[in-house]
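Trainee: Sharing a model prediction with you, sequence too.
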Amino acid sequence: MSTPTGRPDNLAPYDLPLDQLDDDADAEELRNRYYTLLQELRVILPGVQVLLAFLLTVPFANRFGELDTFGRALFGVAMVSALCSVISLLTPTVFHRLADRTARKERLKWGIRLTLLGVALIAVALVSGLWCVSRFIFGGTTALLIVVPLTAVILLFWIVLPLVVGRRYRR
């Protein structure tokens with residue numbers, strides 16, 4: 001048996017993937033998911049903004065001039081990635097204020113995409129910033145010994161773990 005929306009009776013809106021929700025019939029569920037996304041962004045944004053503020057002030061420190069060309073390039077990657085992350089993570093809030101309120105599913109889709117992009121960009125900023133600083137302080141080999149495992153930890157916690165947990169939940 002199925003409902004007028006074509007989904008099985010035994011599935012509530014919160015059990016459905018986003019692409020199976022209807023802007024009108026599932027308005028409340030879409031609204032709840034969007035507000036949840038915005039709450040998550042309120043948690044993430046302050047840390048990303050502090051990182052960006054730090055990156056913007058570093059060039060005024062006394063020893064910044066001692067960075068070689070590669071170090072400056074790494075710093076540039078960290079700074080641009082952090083800035084793009086802030087932009088990506090703020091965009092769902094702008095959508096909430098400016099986009100058509102009835103386009104709930106599209107706003108949520110883009111909000112999720114931009115949040116994931118923002119998280120990926122902050123990972124790039126963290127890794128490149130750490131590499132830049134570690135290389136400057138400890139040298140290239142030690143920097144790699146620091147950065148490679150921490151990059152693996154980011155990949156493990158931010159990609160592998162959510163995918164594994166998601167698969168177990170679907171079974």
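Mentor: Done, it's in. On a predicted model such as this, the values are computed, not experimentally measured, just so you know.
Trainee: check contacts around Val119.
Mentor: Neighbouring residues of Val119 by C-beta atoms under 8 Å, 6 or more residues apart in numbering: Ile44, Ser85, Trp158. C-beta coordinates here come from the backbone N, C-alpha and C atoms, glycine included.
Trainee: Kindly recompute the last result at 10 Å.
Mentor: By C-beta atoms under 10 Å, 6 or more residues apart in numbering, the contact set of Val119 is Ile44, Val48, Ser85, Ser88, Leu89, Ile154, Trp158, Ile159.
Trainee: what about Asp23, how many neighbours?
Mentor: For Asp23, the neighbour count with other C-beta atoms under 10 Å is 15.
Trainee: Could you do the one 10 residues further on as well?
Mentor: Residues contacting Arg33 under the criterion other C-beta under 10 Å number 20.
Trainee: Would it be right to say that it lies in a helix?
Mentor: Yes: looking at Arg33 with DSSP: H, G, I helix; E, B strand; the rest coil, it is inside a helix.
Trainee: and the gap between it and Val50?
Mentor: Remark: distance between Arg33 and Val50 (C-beta to C-beta, to the nearest Å) = 27 Å.
Trainee: related to what we said a few turns ago, most neighbours, which of the contacts of Val119?
Mentor: Going by other C-beta under 10 Å, Ser85 tops the contacts of Val119 with 26 neighbours.
Trainee: This completes my enquiry, with thanks.
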